[in-house]
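*Asks:* what shape does this take:
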Amino acid sequence: KRENEIQNFLSRNFYTIRADFGSYFGEWIDSNNSVRIFSEDLVEKIKTEIRGKSAKIDELVEKQKNEQPPLAYDLTELQRDANRKFSFSAKHTLSTLQALYERHKLVTYPRTDSRYITSDMVPTLPERLKKISFGHYKSLIKPLLEKPLNPGKRFVNNSKVSDHHAIIPTEQNVVFDKLSNDEKKLYDLIITRFIAVLYPNYIYNSIKIITKVGNHSFVSRGRNVVQSGWRAVTNPLLDENNNEKKVEQPLKSFSLNQKFKVKDFQIRKGSTTPPSRYTEATLLSAMENPTKFIDDKDLKKTIKSGGLGTPATRADIIEKLLRANYISREGKSLRPTKKAFELIKLVPEELRFAELTARWEKKLELIAKGDFDPKKFSKDIREKSIQMIDAIKIAKQNILLQIY
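*Replies:* Take a look at the predicted model:
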């Protein structure tokens, strides 16, 4: 579906206008808060109407925002991050993580779907921190060990730990030189996330200014940091996809109705782009939470708790598609092959959609509660399998007839 969207996409040129008010800058916006202008005539009109004109702050909104630390890693989130930052495949992340767990004993059980720890683990946290207090981590850990640790429900939640807790460092002594480069990279992700989870909130003042130049509106956004918190542990200049964040300007000492002049302006040309192909990181996200591909509300709730596959099997599902030549890797992107399109034509429609998994999960939930007969479920699955195989045989014959 994504590849079809890409192939059928028609690109359009657009323009943006940035005005320089001397002390700050603002982006032109329309009545729908869009910065894109698709008409060259409108660009010329705006240029004429703002050049050298007076400007006034029409709206000034300042809000204090509180960003909680990220959750600890489960397997899927670690696979996503390793793919974004190092281009690791999901399978490579799992095998590297397995080595950190089995051979080096440096991390806890890898194949987990929980991002929390249990309350009985809290007393072990200082010792875990001491074991990783080396190199550049030392200065980050020092303030945590200077006072009693008191992690809240953001990290400690017994109800959200079933078989295994989040992936965190163990109390094992670290011999960093014995790790391979990829093991060091993955271990660094786990250590950094573990430290960040224990840090306080990131607090900042978010500022939004709407400046009017005649009938035209320009938006300016900025932030002033109150408390760096957990952002001091991670790189605050990078977003979750490891890309540099859009530059925000410091916006201080401004007031409503304050007047300025349009000193200059920049016009930039761009073009709309098609949706991105899936990477392993974005495909893992879609598998973990495929609710946007399902319309039925009840089925959405059912699939949300499990997704497609499990943290332990999703990497193998992707690798199987690669081995069977249904998808190929192009850099970080995953692209369906011609063989994949033939497969989708061949299989029964029901097998193409996440609703099938959701319906089966719903029945399994009912069986667990004693509200559905497991024998009937098994019988229905067998009958459905026979119907699908027969349908595939017919479809295959039709495709062969078309070819020959």
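*Asks:* mind showing which ranges of this structure have poor pLDDT?
*Replies:* Scanning the chain for pLDDT under 70 picks out 235-247, 399-404.
*Asks:* what do you get if the cut-off is 50, keeping everything else the same?
*Replies:* Within the chain, the stretches with pLDDT under 50 are 237-238, 240-242, 244.
*Asks:* strands of that one, start to end?
*Replies:* 13-20, 25-29, 54-67, 202-213, 216-227, 259-261, 264-271, 327-330, 333-336 (DSSP state E).
*Asks:* report the distance from the first one to the chain centre.
*Replies:* Strand 13-20 has its average C-alpha position 29 Å from the chain's average C-alpha position, going by CA atoms, centre = their mean, to the nearest Å.
*Asks:* same deal with the longest one?
*Replies:* A distance of 28 Å separates the centroid of the chain from that of strand 54-67, by CA atoms, centre = their mean.
*Asks:* parallel or antiparallel, which strands does it pair with?
*Replies:* Strand 54-67 pairs in its sheet with strand 202-213 (antiparallel), strand 259-261 (antiparallel), by DSSP bridges.
*Asks:* which one of the strands of the chain lies closest to P148?
*Replies:* Among these, strand 216-227 comes nearest to P148, with 19.8 Å by CB to CB. Every residue, glycine included, has its C-beta placed from N, CA and C.
*Asks:* now that closest one: buried residues?
*Replies:* Buried positions in strand 216-227, judged by neighbour count with 16 or more other CB atoms under 10 Å: H216, S217, F218, S220, G222.
*Asks:* and the contacts of that strand?
*Replies:* Contact with strand 216-227 is made by 19, 21, 24-29, 33, 35, 46, 49-50, 55, 58, 64-65, 200-212, 248-252, as judged by CB atoms under 8 Å, 6 or more residues apart in numbering.
*Asks:* for S333, see how far away A281 is.
*Replies:* Separation of A281 from S333 (CB to CB, to the nearest Å) stands at 11 Å.
*Asks:* make a markdown table out of the strands of the chain and add distance to L75.
*Replies:* A markdown table is the format used below for these (distance: least, CB to CB, whole Å):
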| stretch | distance to L75 |
| --- | --- |
| strand 13-20 | 40 |
| strand 25-29 | 40 |
| strand 54-67 | 24 |
| strand 202-213 | 26 |
| strand 216-227 | 31 |
| strand 259-261 | 52 |
| strand 264-271 | 38 |
| strand 327-330 | 21 |
| strand 333-336 | 19 |
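*Asks:* quick one: closest of the ones you listed to D41.
*Replies:* Among the strands of the chain, the nearest to D41 by CB to CB is strand 13-20 (11.0 Å).
*Asks:* helices and strands around that closest one, which ones?
*Replies:* With contacts taken as 3 or more CB pairs under 8 Å, 6 or more residues apart in numbering; DSSP states H and E, strand 13-20 sits against strand 25-29, helix 40-50, strand 264-271.
*Asks:* among these, which comes closest to K153?
*Replies:* In terms of CB to CB, the element of these nearest to K153 is strand 25-29, at 38.9 Å.
*Asks:* ok, the closest one: who's next to it in the sheet?
*Replies:* Taking DSSP bridges as the criterion, strand 25-29 sits next to strand 13-20 (antiparallel), strand 216-227 (antiparallel) in its sheet.
*Asks:* for A72, which of the ones you listed is the nearest?
*Replies:* Relative to A72, the nearest member of these by CB to CB is strand 216-227, separated by 21.2 Å.
*Asks:* that closest one to helix 40-50, inter-axis angle?
*Replies:* Relative orientation of strand 216-227 versus helix 40-50 (axes from the mean of the first three to the mean of the last three CA atoms, to 10 degrees): 80 degrees.
*Asks:* start at 640 instead
*Replies:* Yes, from this point I'll number from 640; that puts the last item at strand 855-866.
*Asks:* using CSV, write out every CA atom in strand 855-866.
*Replies:* The C-alpha trace of strand 855-866 is given here as CSV (Å, rounded to 0.1, in the frame of the first residue of the first chain):
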residue,chain,number,x,y,z
HIS,A,855,-0.8,39.0,6.9
SER,A,856,0.1,36.8,9.9
PHE,A,857,3.6,35.5,10.8
VAL,A,858,4.2,32.9,13.4
SER,A,859,7.3,32.7,15.6
ARG,A,860,8.1,29.9,18.1
GLY,A,861,10.8,29.6,20.7
ARG,A,862,11.6,28.1,24.0
ASN,A,863,13.5,29.1,27.1
VAL,A,864,14.9,26.2,29.2
VAL,A,865,13.9,26.3,32.9
GLN,A,866,15.4,22.9,33.9
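*Asks:* okay, the angle between that strand and strand 903-910?
*Replies:* Here strand 855-866 runs at an angle of 90 degrees relative to strand 903-910 (the same axes, to 10 degrees).
*Asks:* quick one: strand 855-866 to chain centroid distance?
*Replies:* Centroid separation between strand 855-866 and its chain, computed with CA atoms, centre = their mean, is 24 Å.
*Asks:* got it, and stretch 688-705?
*Replies:* With CA atoms, centre = their mean, you get 32 Å for stretch 688-705.
*Asks:* contacts for it, please.
*Replies:* Residues contacting stretch 688-705 (CB under 8 Å, 6+ apart): 656, 658, 660, 840-857, 862, 865, 893-901, 904.
*Asks:* how about 6 Å then?
*Replies:* With contact meaning CB atoms under 6 Å, 6 or more residues apart in numbering, stretch 688-705 is reached by 660, 840, 842-853, 855, 895, 897-901.
*Asks:* just the buried ones from these, in ChimeraX syntax?
*Replies:* Only the buried entries of these go into this ChimeraX selection, using 16+ other CB under 10 Å:
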select :660,840,843,846,848,849,850,852,855,899,901
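*Asks:* and for the nearest residue to I756 once chain neighbours are set aside, the neighbour number?
*Replies:* Using CB to CB, 6 or more residues apart in numbering and skipping residues adjacent in sequence, the residue nearest I756 is H804, 4.6 Å away. H804 is flanked by 22 other residues according to other CB atoms under 10 Å.
*Asks:* got it, and S1024?
*Replies:* Neighbours of S1024 under the rule other CB under 10 Å: 10.
*Asks:* and if you look at K792?
*Replies:* So K792, with other CB under 10 Å, has 10 neighbours.
*Asks:* tell me, how many residues neighbour K1014?
*Replies:* Look at K1014: counted by other CB under 10 Å, it has 9 neighbours.
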